[in-house]
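Trainee: With the sequence up front, the predicted model follows.
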Amino acid sequence: MASTFSAYHIAKSGIQTAQYYLKVTGQNVSNVYTDGYTRQRLDTYAVAPTGLNGRYASKGDLAIGGGVDASGVTQLRDPYLDVRYRMEHSKTGLTGTELDTMDNVQDIFDEITKNGINTQLTDLTKQLNTLAASPSDSNLETIVKNSALLLTKAFKNAAEQLSKIRSQETGSFQSGGIDKVNNILQNIAQLNREIKSSDISEAPALELRDQRNSLLDELSQYFDIQVTSSKVPIGAGRTVEEMQVSLVSGDKKVTLVSNDQYNQFKLDTDPQTVEDSVEDGGGNSHVYASKTINASVTLTDSNGNVLKGSDGTTPLVTNDDLKTGVFGGYLAMLNDSGEYDAVPSKTFGTGADEVTSPATASTTRGIGYYEKVLDQFASELSKTMNGINSTDGANNKPMFSNGGSDSSKPITAANISISDQWNNATGSYITATKDDELPGVDNSSAGKNILYMVYQFSQEQTYKTPEDVTVFSTSLNSYVSKISTTLGLDIETATRQNDTYNSNLDGIDTQRASISSVDVNEEVINMTAYNQSLAASSRFMTTIDEAIDTIINKMGIVGR
């Protein structure tokens with residue numbers, strides 16, 4: 001039969017468990033405003049009756065349990081919501097980084113700026129119109145030259161600002177991306193070590209797990225990650241948990257942290273030319289696309305050695321594995337050039353050796369796109385002006401040059417200058433009239449060639465990349481406006497995506513908070529209930545004591 005004093009054990013377990021409940025509740029309440037804290041819960045179970053399966057157990061004994069016991073303290077988290085949160089976080093990291101960069105670029109093409117390219121181009125056409133009325137007036141031509149000079153300075157200023165943005169974004173990628181992630185990976189590995197040590201000592205280390213979860217949430221904004229765990233035996237039939245963090249790229253998974261071992265990322269900012277080639281039936285290799293990479297990321301071990309793939313030569317992690325998150329945003333802005341990266345399919349070889357290369361699609365319009373589209377503007381403007389001003393069809397009277405001694409180098413926004421011939425000319429340099437008939441102008445005017453220059457500024461044309469991919473159609477007068485419009489549409493699209501992703505992220509975070517965060521009102525209710533449970537168990541102990549006292553000291557003498 002059950003022990004006479006077994007009720008004491010039941011009462012004791014109730015009192016002890018109620019105290020545990022109150023302690024856990026106190027821990028929750030005291031950390032209600034602690035960032036990253038996860039609500040804790042006491043896990044309990046009912047103690048089963050003992051002795052019923054013994055050889056001499058009486059069938060008449062009632063199967064009354066042995067009270068309650070606590071198996072440990074756990075955190076209230078939903079792993080599924082953690083996965084969803086981290087997946088969505090990488091999306092906000094991508095769009096947020098792209099938006100920050102595009103906002104900086106937008107300032108360069110702001111048409112409100114008084115000394116911008118558009119303002120100077122308008123002034124140049126105005127001065128050319130004035131000169132066309134009196135083409136022999138040297139003072140008016142000097143004004144035109146000064147206006148053209150200011151235009152070249154506006155081009156150079158825009159190119160310099162783009163270069164500064166590239167430099168700033170590269171620095172931010174290193175300090176706010178690579179260095180930050182490397183520090184997070186190192187800290188996660190350290191926390192893994194401490195948590196495993198606590199698990200071996202059978203301490204839950206819940207606060208350390210909170211720190212680790214916060215770091216994992218932060219890490220997830222930089223790229224897609226996967227968090228897994230495995231049970232590792234430590235002897236005597238016991239196991240402890242070890243955690244792994246992996247970089248996910250499609251079906252590819254690369255380990256970043258394995259328990260207390262971690263890898264590191266490395267940023268290379270030396271420009272590299274990457275080529276895509278195809279081999280024809282005769283074994284000849286043909287390059288069909290090439291691209292300059294201004295920033296590349298690789299993965300190293302903790303000693304700085306670059307980790308290689310299965311072939312032993314290719315880096316284990318490349319830019320292609322980092323298309324999402326903050327890393328993906330920086331790499332896109334620093335390396336991609338939109339339509340200038342697109343390449344149509346090409347055919348190489350003949351007959352049986354013939355092979356067709358695949359077409360390469362456009363990429364994100366990063367800083368490179370705006371550098372190249374601005375260079376194309378400077379080149380087209382110079383080509384137009386130089387061609388109209390020349391009299392022999394061989395560019396004998398250029399108005400603009402690349403500012404160097406090597407005339408074969410292309411004119412870009414960074415080097416466009418007034419030509420030495422025009423700058424050193426003492427008389428009239430701008431060609432006022434040609435013998436041929438010119439469309440769109442009054443051919444009877446003494447300055448019809450100058451009017452033709454002005455006319456060309458308003459003529460719409462299609463601008464294409466060297467690979468014959470259309471960039472857009474516009475006129476020289478509207479070129480900057482077209483760039484600004486394109487950039488504005490990209491910003492609008494990215495903003496809409498970013499708002500959507502952030503809204504989804506907030507919704508998931510709210511769901512997580514409803515499970516994992518501390519609600520003071522709920523904890524106060526729990527505190528009252530646990531206090532009542534403690535009082536009831538204490539009263540039960542007193543009642544059992546009174547009953548046992550009656551059995552021992554008063555039984556047999558009742559009624560005397």
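Mentor: Everything's here; your move.

Trainee: make it CA atoms for all contacts and neighbour counts henceforth
Mentor: Will do.

Trainee: hey, where'd the helices end up in this structure?
Mentor: Using DSSP state H, the helices of the chain run over 6-30, 79-106, 117-133, 138-173, 179-200, 206-219, 325-335, 367-389, 420-424, 448-457, 479-516, 520-549.

Trainee: Who are the packing partners of the fourth one?
Mentor: What that stands for is helix 138-173. Judged by 3 or more Cα pairs under 8 Å, 6 or more residues apart in numbering; DSSP states H and E, the packing partners of helix 138-173 are helix 79-106, helix 117-133, helix 325-335, helix 367-389, strand 417-418.

Trainee: Redo the helices of the chain as a markdown table? Include distance to residue 435 and mean neighbour count.
Mentor: Shown next, in a markdown table, are those (distance: least, Cα to Cα, whole Å; neighbours: other Cα atoms under 10 Å):
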| stretch | distance to residue 435 | mean neighbour count |
| --- | --- | --- |
| helix 6-30 | 91 | 19 |
| helix 79-106 | 44 | 20 |
| helix 117-133 | 16 | 20 |
| helix 138-173 | 21 | 19 |
| helix 179-200 | 66 | 19 |
| helix 206-219 | 70 | 18 |
| helix 325-335 | 48 | 26 |
| helix 367-389 | 13 | 21 |
| helix 420-424 | 22 | 15 |
| helix 448-457 | 10 | 22 |
| helix 479-516 | 30 | 17 |
| helix 520-549 | 90 | 15 |
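
Trainee: Just put these in TSV and tack on distance to residue 66 and mean pLDDT.
Mentor: Output for the helices of the chain, formatted as TSV (distance: least, Cα to Cα, whole Å; pLDDT from 0 to 100):
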stretch	distance to residue 66	mean pLDDT
helix 6-30	6	91
helix 79-106	34	95
helix 117-133	86	93
helix 138-173	61	95
helix 179-200	28	95
helix 206-219	29	95
helix 325-335	54	97
helix 367-389	72	95
helix 420-424	102	92
helix 448-457	95	92
helix 479-516	32	94
helix 520-549	14	90
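
Trainee: Which of the helices and strands packed on helix 138-173 sits closest to residue 517?
Mentor: Of all the helices and strands packed on helix 138-173, it is helix 79-106 that lies closest to residue 517, at 13.4 Å by Cα to Cα.

Trainee: and that closest one with helix 325-335, angle?
Mentor: Interaxial angle, helix 79-106 versus helix 325-335 (axes from the mean of the first three to the mean of the last three Cα atoms, to 10 degrees): 30 degrees.

Trainee: What is the neighbour count of residue 41?
Mentor: Per other Cα atoms under 10 Å, the neighbour tally for residue 41 reads 16.

Trainee: Hmm, residue 74 and it touching each other?
Mentor: Yes. Between residue 41 and residue 74 there is a contact under Cα atoms under 8 Å: 5.4 Å.

Trainee: Looking at the helices and strands packed on helix 138-173, spot the one closest to residue 246.
Mentor: Evaluated with Cα to Cα, the helices and strands packed on helix 138-173 place helix 79-106 nearest to residue 246, the distance being 12.7 Å.

Trainee: Just want the most central residue of this protein.
Mentor: residue 326 (1.8 Å; Cα atoms, centre = their mean).

Trainee: which residues sit in contact with that residue?
Mentor: 90, 93-94, 96-97, 177, 221-223 (Cα atoms under 8 Å, 6 or more residues apart in numbering).

Trainee: do residue 340 as well
Mentor: 362, 369, 372, 465-467, 469, 471.

Trainee: Buried subset of the residues you listed, written for ChimeraX?
Mentor: Here is the ChimeraX command that selects the buried residues among the contacts of residue 340 (16 or more other Cα atoms under 10 Å):
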select :369,372,465,469
